[in-house]
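**Q** Return a 3D structure for these sequence lines:
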Amino acid sequence: MRYAALIALIAFAALLAVGCHAHTAGDPRAKAAAPRSGATPERASRLLSQAPYVGVSCRRASSIACDRVGVAVWLKRPAVGVIATIAGRRLPLRPPRSREGWWEGFLQPAGLLHGALRVTPDRGRYYWQGTHPRDVHVAVAITRASGGTDRTAVTIPLSAGWG
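**A** As a prediction, this is how the structure comes out:
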């Protein structure tokens, strides 16, 4: 009887944890976040076809030694420029190479070792596979051909890998 109660308690806790995450831009892991500036942002789901992706981008798997992250943003409508802001640092993103592509850029140093994105290594000084999760606040400014700028912001989990 104790075993069944323990299993039920664990299942309830897991459902509660999953239910606490807001659905933003089609990704259940993303949480809506207020902008850090005074501008009123759009809901991410109105501007983005899916949540942004931020992942560690070192040559060796699970390594944070290069202190670099990649950022990808998928837009619903065409744009002439996209700037992501992470940990207070502005990062202009490159446009997609194909029609269905994404805007991307790389932040280095990212602050994975000693800065704002600091992660807790899983083993050794430079090994992180995501066992100790880290959320990242991403603000996105999208410049349209008309000259207008749309803004949104989300908080998403930092991924242990890029690509």
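
**Q** Tell me which helix or strand in the protein has the weakest average pLDDT.
**A** Lowest by mean pLDDT, DSSP states H and E among the helices and strands of the chain is helix 2-19, with a mean of 38.

**Q** what sits up against stretch 120-134?
**A** Identification of contacts with stretch 120-134 by Cβ atoms under 8 Å, 6 or more residues apart in numbering yields 56, 62-65, 112-113, 117-119, 157-160. Yep, even glycine has a C-beta here, placed from its N, CA and C like the rest.

**Q** Show me the shaky parts of this protein.
**A** 1-40, 163 (pLDDT under 70).

**Q** if we go to 80?
**A** For the chain, residues meeting the criterion pLDDT under 80 lie at 1-41, 99-100, 163.

**Q** can you map out the strands along it?
**A** 31-32, 53-56, 69-73, 81-86, 89-93, 103-107, 135-143, 149-157 (DSSP state E).

**Q** Any chance of JSON lines for those, columns mean neighbour count and distance to R43?
**A** Formatted as JSON lines, these follow (neighbours: other Cβ atoms under 10 Å; distance: least, Cβ to Cβ, whole Å):
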{"stretch": "strand 31-32", "mean neighbour count": "18", "distance to R43": "7"}
{"stretch": "strand 53-56", "mean neighbour count": "23", "distance to R43": "18"}
{"stretch": "strand 69-73", "mean neighbour count": "24", "distance to R43": "15"}
{"stretch": "strand 81-86", "mean neighbour count": "20", "distance to R43": "17"}
{"stretch": "strand 89-93", "mean neighbour count": "15", "distance to R43": "20"}
{"stretch": "strand 103-107", "mean neighbour count": "19", "distance to R43": "19"}
{"stretch": "strand 135-143", "mean neighbour count": "21", "distance to R43": "12"}
{"stretch": "strand 149-157", "mean neighbour count": "20", "distance to R43": "7"}
